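Q: quick check, what structure comes out for this input:
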Amino acid sequence: MSDFEFLENLAIQIKENRSKLYDVEDSLSNVNIQLREIPLKRSTESTFAKMIGVNYDDKLSELEKAKEQLERTKTDLKTSIGKDTDNFISEVSSPNLIIPLDENPKIIDGNTVYKYRNGAKFKNVFDILCEILGLSSPLVVKDVMLSPTEIVIAVKDEFEAKQKFINSFHEVQNTLLLKKK
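A: Prediction:
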């Protein structure tokens, strides 16, 4: 059984790995630039070092090893991000997903408003969810606004609000399942 706390942690992990991936790609780009420059400069640098009586420090093998390590790390991070994203989609789409809403909504300006229990916020869940769906936060689906801090349903009647929420969330889940395929 999955819940929003688990999804929040998973979303944080996806974001952190994406940040690491960006850093690795940047480092890999710098190493590749250096690897292209070494053959162009090797003759001059080694001759100059010999002329002044010092050893030439050929960094080619060191850079090739660094490149191999960075490429492995890049592949591992991409794999991890892919698995975590698939897991995120599966968990959000699960019929057993627990959404920690307070049982008693408030009626505000003609809307039924559900807050998350204990004042919880799920910013990272919605960041990843919106990104996967290609939408901006908050998500608005058929008179239901899903956000990191609350669920707002554009009706006063609590029973009708529950129906709209269920239908809207099922639509989000079905869209995610289609994206996963």
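Q: show me the shaky parts of the chain.
A: 1, 46, 49, 56 (pLDDT under 70).
Q: domain boundaries for it, per the record?
A: 4-93, 106-180 (automatic domain parsing).
Q: tabulate these (TSV), appending distance to residue 99 and mean neighbour count.
A: Any C-beta I mention is one placed from the backbone N, CA and C, and that applies to glycine too. Below are the domains of the chain laid out as TSV (distance: least, C-beta to C-beta, whole Å; neighbours: other C-beta atoms under 10 Å):
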stretch	distance to residue 99	mean neighbour count
domain 4-93	6	14
domain 106-180	8	16
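Q: output these as CSV; include the columns distance to residue 100.
A: CSV is the format used below for the domains of the chain (distance: least, C-beta to C-beta, whole Å):
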stretch, distance to residue 100
domain 4-93, 6
domain 106-180, 4
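Q: give the burial count for the nearest residue to residue 97 once chain neighbours are set aside, as a bare number.
A: What sits nearest to residue 97 in space, not counting adjacent residues and going by C-beta to C-beta, 6 or more residues apart in numbering, is residue 2, at 5.2 Å. Residue 2 has 17 neighbouring residues, counting by other C-beta atoms under 10 Å.
Q: return the distance of the spatially closest residue to residue 146 that is not a sequence neighbour relative to residue 3.
A: Using C-beta to C-beta, 6+ apart and skipping the chain neighbours, the partner closest in space to residue 146 is residue 139 (4.3 Å). Residue 139 is 18 Å from residue 3, where distance means C-beta to C-beta, to the nearest Å.
Q: and what of residue 10?
A: Taking C-beta to C-beta, one finds residue 10 at 11 Å from residue 3.
Q: quick one on the thing from earlier: now the phi/psi pair for the residue nearest to residue 146, please.
A: phi -80, psi 130 (degrees, to the nearest 10).
Q: can you tell me the SS state at the residue lying closest to residue 123 once chain neighbours are set aside?
A: In space, and not counting its chain neighbours, residue 123 is closest to residue 148: 4.4 Å by C-beta to C-beta, 6+ apart. Secondary structure assignment for residue 148 (DSSP: H, G, I helix; E, B strand; the rest coil): coil.
Q: what about the residue in the chain sticking out farthest from the centre, which helix or strand?
A: For the chain, the largest distance from the centre (C-alpha atoms, centre = their mean) belongs to residue 51, which lies 53.6 Å off. Counting by DSSP states H and E, the element that carries residue 51 is helix 4-52.
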